[in-house]
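[1] structure for this input, please:
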Amino acid sequence: MPSFNSTSAKSRRRRRRRVKVIRAIFRQQLSTEPVLPRVSFGRLVREVMAEYSDEAVNVRGSGMRALQCAAEEHLTEMFREAARLAHYSNRDTITSADLRFVMPRDGRYVAPETAADEEADEGVALDLQEPEELEEPEAGLVSPPSGQALLV
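    Numbers count the residues shown, from 1 in each chain. Alright, predicted model coming up:
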């Protein structure tokens, strides 16, 4: 006689876990408290400001809360768009490629992988213009004939 207890217990546990996650998400959506700890966010802001400024800058508490609220809203929107992209691709998991895709490309953010790829692409570009002046080749080296494209 087959035992149905093990499979039904598994499905109950999965359902309970799923319900807990959904309730936690709902609670988080209803709450007005910041997700990131204030002290950690303040430390990060001061570290970034010190990196871009030579002089010490003080930020009021209300300004720090406003900055944190805006940053969390921006991150939430980015993750929401990445989740939509993953759902469109029939996936449940957000990948780093999804996040890179939804990041703004107007120069405010540059992903490290993207910057390295762009630098590598620039190094392999063809220069189809005529060089203005060629230096004399050193002994033993052959200069390219004039009129041909040079690899830069």
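[2] now the element after the host helix or strand of Met49, going C-ward?
    Using DSSP states H and E, Met49 sits within helix 38-52. Tracing the chain C-terminally past helix 38-52 and defining elements by DSSP H and E, one meets helix 61-88 next.
[3] give the buried residues for that next one.
    Neighbour-count burial for helix 61-88 flags 68, 78, 81-83, 85-86 (criterion: 16 or more other Cβ atoms under 10 Å). Just so you know, the C-beta spots here come from the backbone N, C-alpha and C atoms, and that holds for glycine as well.
[4] helices and strands around the helix or strand following that helix, which ones?
    Next helix or strand after helix 61-88 toward the C-terminus (DSSP H and E): helix 96-102. Applying 3 or more Cβ pairs under 8 Å, 6 or more residues apart in numbering; DSSP states H and E, we find helix 96-102 packed against helix 61-88.
[5] what is the helix it packs on packed up against?
    Helix 61-88 sits against helix 38-52, helix 96-102, with contacts defined as 3+ Cβ pairs under 8 Å, 6+ apart.
[6] out of the ones you listed, deepest packed?
    Compared across the helices and strands packed on helix 61-88, helix 96-102 shows the largest average neighbour count, a mean of 15 (mean count of other Cβ atoms under 10 Å).
[7] could you dump it to PDB, C-alpha only?
    Below are the C-alpha coordinates for helix 96-102, written out as PDB (Å, rounded to 0.1, in the frame of the first residue of the first chain):
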ATOM      1  CA  SER A  96      23.000  40.100 -12.800                       C
ATOM      2  CA  ALA A  97      22.400  40.500 -16.600                       C
ATOM      3  CA  ASP A  98      18.800  41.500 -15.800                       C
ATOM      4  CA  LEU A  99      19.900  44.200 -13.400                       C
ATOM      5  CA  ARG A 100      22.500  45.500 -15.900                       C
ATOM      6  CA  PHE A 101      19.900  45.600 -18.600                       C
ATOM      7  CA  VAL A 102      17.500  47.800 -16.500                       C
END
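[8] what is the rounded mean pLDDT of it?
    Average pLDDT, helix 96-102: 89.
[9] what about this protein, any weak spots by pLDDT?
    Across the chain, residues meeting the criterion (pLDDT under 70) sit at 1-7, 106-152.
[10] quick one: end-to-end length of stretch 82-98, please.
    Using Cα to Cα, to the nearest Å, the end-to-end distance of stretch 82-98 comes out at 5 Å.
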